[in-house]
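K.L.:
Return a 3D structure for these sequence lines:
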Amino acid sequence: MSSPLADGESVLLVDRRGRRHLKHLRTGHRLTVRSSVLACDRIIGLAEGARIGGGRDEEFRVFRPAYGELVTLFERPAEPIFAKDAGLILTRGDIRPGQTVIEIGAGCGALSMALLRVVGATGRLITYELREDFAEEARRNVVRHEGHAGGWTIRVADASLGLEERDVDRVVIDVPDIAAVMPAATEALRDGGILVAFCPTVLQMKEIHEAAARSESLGFAETFEVLERKWHVDATSIRPDHRMVAHTGFLTFMRRLAR
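P.N.:
Numbering: from 1, shown residues only. Purely as a prediction, here's the structure:
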């Protein structure tokens, strides 16, 4: 049975037209959603999916945001890895509870949230980020929407100069110059570990494959692209949506060969 919505949680308010509004509950505060003003105290304690009136014949359904909804709505200084790509990272990267995972490039913290959910309380996530402002934004987003994660460490450092950790299970890279950090990432991986690299352009993807081919420690590189298209379904029309989330990036997966 789900718990009632609580003070400090992020919530998704969905209006009659299906528009989604990401808000944060704080006791004694009010939320402005378009022309409606809602007291947080009216929402705190409700069950997920409850209806709440917003005045002027407006009403909302209130939910805890799913990961795919959350990533597209929160404020961000950098483009996030969207749910369609995060899903492939978690599954083809074979990321599991209890693993130790290194993330190179914090971005806005979107992928950090997905990784933390999977490694769980018994796992560890170490995030390397070159820019202090990106590290702080990632930390703020994760704490705001996921709470404090005891198994998460952020290091503001240049990953290309080396990683502190050894024998980690997985490394996920999302930085502009992936080839520059691949040697350090490879050295940190345990034998048989998986390295995942996300890049937006074909030339970057080519550089990753070339770097893997030169390496005597990496093998079996494979690249995938994920395309996502919704369908419009109502009583008179069933068809693909005119818009889709097409190319966002390439995902390359490599195995660490035995030393």
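K.L.:
hey, C-alpha coordinates of the helix-or-strand element of the chain with minimal mean pLDDT in CSV?
P.N.:
When the helices and strands of the chain are scored by mean pLDDT, DSSP states H and E, helix 67-73 comes last with a mean of 83. Only the C-alpha atoms of helix 67-73 are listed here, as CSV (Å, rounded to 0.1, in the frame of the first residue of the first chain):
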residue,chain,number,x,y,z
TYR,A,67,11.8,9.0,-13.5
GLY,A,68,10.9,9.7,-17.1
GLU,A,69,8.7,12.6,-16.2
LEU,A,70,11.0,14.0,-13.6
VAL,A,71,14.1,14.3,-15.9
THR,A,72,12.2,16.3,-18.5
LEU,A,73,10.8,18.8,-16.1
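K.L.:
what helices or strands is the helix or strand following that helix leaning on?
P.N.:
Downstream of helix 67-73, the first helix or strand assigned by DSSP states H and E is helix 83-92. Counting contacts by 3 or more Cβ pairs under 8 Å, 6 or more residues apart in numbering; DSSP states H and E, helix 83-92 is packed against helix 67-73, helix 110-119, strand 189-199, strand 250-256. For the C-beta atoms, the positions are set from N, CA and C on the backbone; glycine is no exception.
K.L.:
Try it again at 7 Å.
P.N.:
Applying 3 or more Cβ pairs under 7 Å, 6 or more residues apart in numbering; DSSP states H and E, we find helix 83-92 packed against helix 67-73, helix 110-119, strand 250-256.
K.L.:
any idea how far the helix or strand following that helix is from the chain center?
P.N.:
Reading on from helix 83-92 to the C-terminus, the next helix or strand found by DSSP H and E is strand 100-104. Taking Cα atoms, centre = their mean, to the nearest Å, one finds strand 100-104 lying 13 Å from the centre of the chain it belongs to.
K.L.:
ditto for stretch 124-141
P.N.:
Remark: stretch 124-141 is offset 13 Å from the chain centroid, using Cα atoms, centre = their mean.
K.L.:
What of stretch 108-122?
P.N.:
Distance of stretch 108-122 from its chain centroid, counting by Cα atoms, centre = their mean, is 8 Å.
K.L.:
and what of stretch 36-53?
P.N.:
Remark: stretch 36-53 is offset 27 Å from the chain centroid, using Cα atoms, centre = their mean.
K.L.:
what does stretch 245-253 give?
P.N.:
Centre-to-centre, stretch 245-253 and its host chain are 14 Å apart (Cα atoms, centre = their mean).
K.L.:
can you give me the end-to-end distance of it?
P.N.:
22 Å (Cα to Cα, to the nearest Å).
K.L.:
Can you pull out the residues in contact with it?
P.N.:
Contacting residues not belonging to stretch 245-253 are listed as 82, 84-85, 88-89, 92-93, 194, 196-200, 205, 208, 221-225, 227-228 [Cβ atoms under 7 Å, 6 or more residues apart in numbering].
K.L.:
Based on its surroundings, how many neighbours for the closest residue to residue 179 other than its chain neighbours?
P.N.:
Using Cβ to Cβ, 6 or more residues apart in numbering and skipping residues adjacent in sequence, the residue nearest residue 179 is residue 211, 4.3 Å away. By other Cβ atoms under 10 Å, the residues close to residue 211 number 20.
K.L.:
re the thing from before, which among the contacts of stretch 245-253 count as buried?
P.N.:
Among the contacts of stretch 245-253, those classed as buried by 16 or more other Cβ atoms under 10 Å are 82, 85, 88-89, 93, 194, 196-199, 205, 208, 221, 223.
K.L.:
Check those and tell me the two furthest apart.
P.N.:
Greatest spacing in the buried ones among the contacts of stretch 245-253, by Cβ to Cβ: 82 and 221 (22.7 Å).
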